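Chemist: The amino acid sequence is not available; the structure is as follows:
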Ligand SMILES: [Zn+2]
Ligand SMILES: [Zn+2]
């Protein structure tokens with residue numbers, strides 16, 4: 001993975017577009033007739049398809065061109081999480097709806113408007129597709145008695161979550177999240193470790209255009225958030241005529257949500273609102289100051305943001321977001337790539353003992369959009385090393401065996417054994433843009449040799465078919481360093 005400028009990427013794309021699909025050295029270009037089997041193939045490919053069913057709204061297929069970005073995000077997060085000594089867990093895609101209603105909060109957008117409900121056949125259980133991971137992981141912590149293990153328990157995960165939102169740039173109804181939950185410790189250093197991990201993950205993906213926003217949302221002690229909510233309610237009611245219809249309602253039930261409103265007039269009111277950090281109780285204030293100090297010690301840049309409250313009810317104390325700082329012209333600009341925070345009351349809310357915890361999660365789709373916008377180039381590892389062509393029946397029989405030997409020796413081999421004609425096979429080799437082709441004919445099979453053809457130059461040479469000499473000869477020419485074999 002290396003980073004190229006946007007201009008370079010555009011240039012590359014242009015070159016790719018201009019490149020003829022069939023290189024000049026194929027037989028067809030020299031004016032020879034195409035064999036009938038290819039005609040058939042092309043007609044089939046162009047036949048119109050009347051699609052009866054399409055993918056659900058806001059849900060997407062990911063094919064191989066994009067999959068290399070998915071793989072790199074997935075591998076990198078695994079690597080970073082593991083380096084922070086996190087263990088991987090997996091929780092069900094479906095949970096009882098009550099789990100999310102109780103934990104995330106019934107008056108939040110996520111539960112109120114965005115949850116996907118699932119009918120089970122008995123009709124007695126209300127199920128929902130998970131809109132996030134924290135509630136499920138917290139439930140698993142309780143259900144498996146993890147409080148008896150050494151604390152805190154550090155877990156990471158990755159998988160799809162579902163939100164019935166209006167699909168738009170970077171917002172899908174099925175989106176993929178990666179994240180961590182650290183359950184069982186209240187110390188501020190844990191908050192810093194989680195923020196550090198998130199920071200390292202984006203840095204490891206070679207991203208630069210992001211910042212960390214941080215805030216404290218206090219605790220449930222009367223003198224802390226409840227007191228703040230009262231003063232916020234008062235502020236909202238004093239300005240009620242300046243608020244949108246939604247926020248008018250919110251200001252009575254859950255005034256913190258005014259901070260999330262996209263309406264400009266509501267943002268004006270929110271900007272003038274009292275700051276929660278000025279209302280924190282002594283313990284929350286100290287916790288917050290410690291978090292900021294450890295972040296400074298580690299050299300992790302951050303910005304205090306008094307308006308950052310996160311959309312979910314269960315957050316306490318530290319809340320943070322990774323915000324894209326791409327130019328305003330980019331659809332991702334100002335949006336969160338990921339975020340997290342403390343949820344010291346959640347485990348208790350789910351029926352467990354008082355257990356402090358903190359987590360972070362990021363969105364794979366947005367992270368990939370950010371990588372592309374920043375020009376992070378991901379190498380295509382999906383190319384075969386060599387194409388194996390055959391001539392005649394004996395050639396094919398030897399080639400089938402050879403393919404398996406080469407595969408075990410660590411080569412990725414493309415072939416078209418289902419085709420008879422060498423021309424058709426070479427056209428196939430051109431299409432997969434492979435640089436080297438091995439040709440095994442009747443004569444070669446009898447001589448125990450094989451032809452290696454450079455597809456760019458058209459140069460050919462004869463190699464020994466014995467594996468002991470063929471494998472090193474191929475490795476040398478392909479500049480391939482194969483450290484592992486698949487036997
Ligand atoms: Zn407090
Ligand atoms: Zn509003």
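Modeler: Right, received. Where do you want to start? If you're wondering where the values come from, they're calculated on a predicted model, not measured in any experiment. Ligands and ions are numbered 1, 2, ... in the order given.
Chemist: Tell me the bridge partners for residue 358.
Modeler: Residue 358 has these beta-bridge partners by DSSP bridges: residue 182, residue 342.
Chemist: list the contacts for residue 290?
Modeler: Residues in contact with residue 290 (Cβ atoms under 8 Å, 6 or more residues apart in numbering) are 188-189. (Glycine included, C-beta is placed from N, CA and C.)
Chemist: and if you look at residue 291?
Modeler: When contacts are counted by Cβ under 8 Å, 6+ apart, residue 291 touches 188, 191-192, 195, 214, 216, 318.
Chemist: Establish whether the helix or strand hosting it and ligand 1 are in contact.
Modeler: According to DSSP states H and E, residue 291 maps onto helix 282-297. Yes. Judged by Cβ under 5 Å from the ion, helix 282-297 and ligand 1 are in contact via residue 284.
Chemist: in that helix, what counts as buried?
Modeler: Using 16 or more other Cβ atoms under 10 Å as the test for burial, helix 282-297 gives 284-285, 287-288, 291-292, 294-295.
Chemist: With stretch 119-139 instead?
Modeler: Neighbour-count burial for stretch 119-139 [16+ other Cβ under 10 Å]: 127-139.
Chemist: Tell me which of the residues you listed fall in strands.
Modeler: 127-129 (DSSP state E).
Chemist: Would you mind giving the buried residues of helix 282-297 as a markdown table with pLDDT added?
Modeler: Conversion of those to a markdown table gives the following (pLDDT from 0 to 100):
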| residue | pLDDT |
| --- | --- |
| 284 | 97 |
| 285 | 97 |
| 287 | 98 |
| 288 | 98 |
| 291 | 98 |
| 292 | 98 |
| 294 | 98 |
| 295 | 98 |
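Chemist: quick one on the thing from earlier: so what are the sheet partners of the helix or strand just after the helix holding residue 291 and their directions?
Modeler: Per DSSP H and E, helix 282-297 leads on to strand 303-304 as the next helix or strand towards the C-terminus. According to DSSP bridges, strand 303-304 forms sheet pairs with strand 210-216 (parallel).
Chemist: Touching the following helix or strand past the partner strand from outside, list them.
Modeler: The helix or strand immediately downstream of strand 210-216 is helix 225-238, counting by DSSP H and E. If you take Cβ under 8 Å, 6+ apart as the criterion, helix 225-238 is touched by 217-220, 243, 247, 251-252, 255-256, 258, 269, 272-274, 276, 279, 316.
Chemist: Pull out the buried residues from helix 225-238.
Modeler: Neighbour-count burial for helix 225-238 [16+ other Cβ under 10 Å]: 225, 228-229, 232, 235-236.
Chemist: Does that helix reach ligand 1?
Modeler: No. Using Cβ under 5 Å from the ion, helix 225-238 never reaches ligand 1; the gap is at least 6.7 Å.
Chemist: Present the buried residues of helix 282-297 as CSV; the columns should include distance to ligand 2.
Modeler: Converted to CSV, the buried residues of helix 282-297 look like this (distance: Cβ to the ion, whole Å):
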residue, distance to ligand 2
284, 27
285, 29
287, 30
288, 27
291, 30
292, 30
294, 35
295, 32
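Chemist: which residue sits closest to residue 67, ignoring its sequence neighbours?
Modeler: Counting by Cβ to Cβ, 6 or more residues apart in numbering, residue 67 lies nearest to residue 382, which is 7.8 Å off, once chain neighbours are set aside.
Chemist: pLDDT weak spots in the stretch 1-150 of the chain?
Modeler: 1-48 (pLDDT under 70).
Chemist: Tell me which stretches of it form helices.
Modeler: Counting by DSSP state H, counting those that start in this stretch, the stretch 1-150 of the chain has helices at residues 6-18, 36-46, 64-83, 97-104, 109-112, 134-143.
Chemist: what's the neighbour count on the nearest residue to residue 471 once chain neighbours are set aside?
Modeler: Spatial nearest neighbour of residue 471, excluding adjacent residues (Cβ to Cβ, 6+ apart): residue 409 at 4.9 Å. When neighbours are counted by other Cβ atoms under 10 Å, residue 409 registers 18.
Chemist: you'd agree residue 409 is up against residue 467?
Modeler: Yes. Using Cβ atoms under 8 Å, residue 409 is in contact with residue 467, at 7.2 Å.
Chemist: Tell me how far the residue positioned nearest the centre of the chain lies from ligand 2.
Modeler: What sits nearest the mean C-alpha location of the chain, by Cα atoms, centre = their mean, is residue 364, with 2.4 Å. As defined by Cβ to the ion, to the nearest Å, residue 364 lies at a distance of 30 Å from ligand 2.
Chemist: Apart from its chain neighbours, what residue comes closest to that residue?
Modeler: In this structure, residue 364 finds its nearest non-sequential neighbour in residue 176, 4.0 Å apart by Cβ to Cβ, 6+ apart.
Chemist: Same check on residue 99?
Modeler: residue 135 (5.2 Å).
Chemist: measure the one you found to residue 360 for me?
Modeler: Using Cβ to Cβ, to the nearest Å, we find residue 135 at a distance of 15 Å from residue 360.
Chemist: Ok, residue 435 next?
Modeler: 43 Å.
Chemist: And the two? Which one has more around it.
Modeler: Neighbour comparison, residue 435 and residue 360: the larger count goes to residue 360, with 25 against 17 (by other Cβ under 10 Å).
Chemist: Which strand or helix spans the more buried one?
Modeler: Using DSSP H and E, residue 360 sits within strand 357-363.
Chemist: same check, this time on residue 247
Modeler: In the assignment (DSSP H and E), residue 247 maps to helix 245-253.
Chemist: between the helix or strand following that helix and helix 245-253, how big is the angle?
Modeler: Next helix or strand after helix 245-253 toward the C-terminus (DSSP H and E): helix 264-271. Per axes from the mean of the first three to the mean of the last three Cα atoms, to 10 degrees, the angle that helix 264-271 makes with helix 245-253 is 30 degrees.
Chemist: can you tell me if helix 264-271 touches ligand 2.
Modeler: Yes. Residues of helix 264-271 contacting ligand 2 under Cβ under 5 Å from the ion: residue 266.
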